[in-house]
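Asks: using only what follows, build the 3D model:
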Amino acid sequence: MGLSLPRARAIWCGGALMLLAALSACTTDDVMSLRPDVDVGAQTAAVPTRGLQSLVPSNPMMSAYPRFNEPAPPTITMSADEIACRRDLQKLGVQFRSLAPIDDGGACRIDFPVEVSAIGSVRMKPAATLSCDMAATFARWTRKELVPSARWRYLSGVKTIHQGSSYSCRNIRGSRGKPSQHSVGNALDIMRIELNNGKDIDVRKPGWFAFRQRGFLNNVRADGCDYFTTVLGPGYDYDHRNHFHFDIMPRRNGYVACK
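Replies: The predicted structure is shown next:
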């Protein structure tokens with residue numbers, strides 16, 4: 001037999017009153033004792049943050065890791081020569097940004113580096129981290145020699161310069177610790193030259209019957225010797241078999257190593 005509606009309502013109300021009485025008897029300490037032993041997020045511990053570059057081993061001779069460049073702080077004070085150099089870059093149509101000083105220890109440093117992403121309409125891939133003097137020298141060579149040579153040989157402009165190494169903290173191979181010009185931002189290695197007509201010119205020594213490419217690369221090497229103090233490329237040694245190395249290393253008596 002089921003309960004009548006008035007009786008069922010009385011039982012439900014009685015149960016509710018007993019529950020309210022039990023809850024009212026609980027103290028604040030009783031409620032807090034129900035918390036878990038482990039903090040589930042009311043307050044998280046502070047975690048120190050570090051830049052991505054700090055995760056890379058700090059070995060100054062390891063150049064395979066990418067550099068995470070930071071823009072120059074607005075308060076940095078440049079010399080008159082550095083200011084004049086940046087004006088030259090602007091006149092040459094160089095797309096660049098000034099970076100924070102680089103100091104990786106020893107001889108590996110650039111006080112006022114720049115990051116070059118293009119020279120006029122010629123893109124630089126990836127963007128090259130250089131001293132301003134090297135950037136200006138390379139820009140002059142690109143505009144006055146490389147681009148005209150491409151137009152003469154291939155009837156095309158230059159679309160992209162593919163570089164393999166700009167700033168890099170390392171020594172000259174086999175030099176017993178002599179720093180490379182890459183370590184001061186005064187060197188750039190060129191791997192490929194891509195033209196507007198789709199031609200992709202690999203710097204490696206061309207075949208016997210690649211007359212046009214051979215002539216173009218010979219011009220690249222010879223003309224570079226009028227701008228840089230060092231020009232090394234395929235045929236010089238095994239290390240330079242796949243790229244042209246350009247740098248502005250200062251030497252006595254104006255000597256130029258063009259090989």
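Asks: may I ask which helix or strand encompasses Asn219?
Replies: With elements taken from DSSP states H and E, the one containing Asn219 is helix 211-224.
Asks: if we go by neighbour counts, what in that helix is buried?
Replies: Buried residues in helix 211-224, counted by 16 or more other CB atoms under 10 Å: Gln213, Phe216, Leu217, Asn219, Val220, Arg221, Asp223, Gly224. The C-beta positions use only the backbone N, C-alpha and C, and glycine is treated the same way.
Asks: and Gln163, what are its phi and psi?
Replies: phi -100, psi 150 (degrees, to the nearest 10).
Asks: secondary structure class for Met124?
Replies: strand (DSSP: H, G, I helix; E, B strand; the rest coil).
Asks: return the residues in contact with it.
Replies: Going by CB atoms under 8 Å, 6 or more residues apart in numbering, Met124 touches Val116, Ser117, Ala118, Thr160, Ile161, Gln163.
Asks: which of those are buried?
Replies: Buried among the contacts of Met124 (16+ other CB under 10 Å): Val116, Ala118, Thr160, Ile161, Gln163.
Asks: out of these, which sit inside strands?
Replies: Residues of the buried ones among the contacts of Met124 located in strands (DSSP state E): Val116, Ala118, Thr160, Ile161, Gln163.
Asks: quick revisit: any chance of the buried ones among the contacts of Met124 in JSON lines, plus distance to Leu92?
Replies: As requested, the buried ones among the contacts of Met124 are arranged in JSON lines below (distance: CB to CB, whole Å):
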{"residue": "Val116", "distance to Leu92": "10"}
{"residue": "Ala118", "distance to Leu92": "11"}
{"residue": "Thr160", "distance to Leu92": "18"}
{"residue": "Ile161", "distance to Leu92": "14"}
{"residue": "Gln163", "distance to Leu92": "17"}
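Asks: residues in contact with stretch 90-105?
Replies: Under CB under 8 Å, 6+ apart, the answer for stretch 90-105 is 60, 67, 69-73, 76, 86, 89, 108-120, 129, 135-136, 139-140, 143, 167, 169, 185.
Asks: Phe246: which element?
Replies: Residue-wise, Phe246 maps onto strand 244-247 under DSSP H and E.
Asks: and the helix or strand following that strand, which strands flank it?
Replies: Using DSSP H and E, the helix or strand that follows strand 244-247 in sequence is strand 257-258. Strand 257-258 pairs in its sheet with strand 230-232 (parallel), by DSSP bridges.
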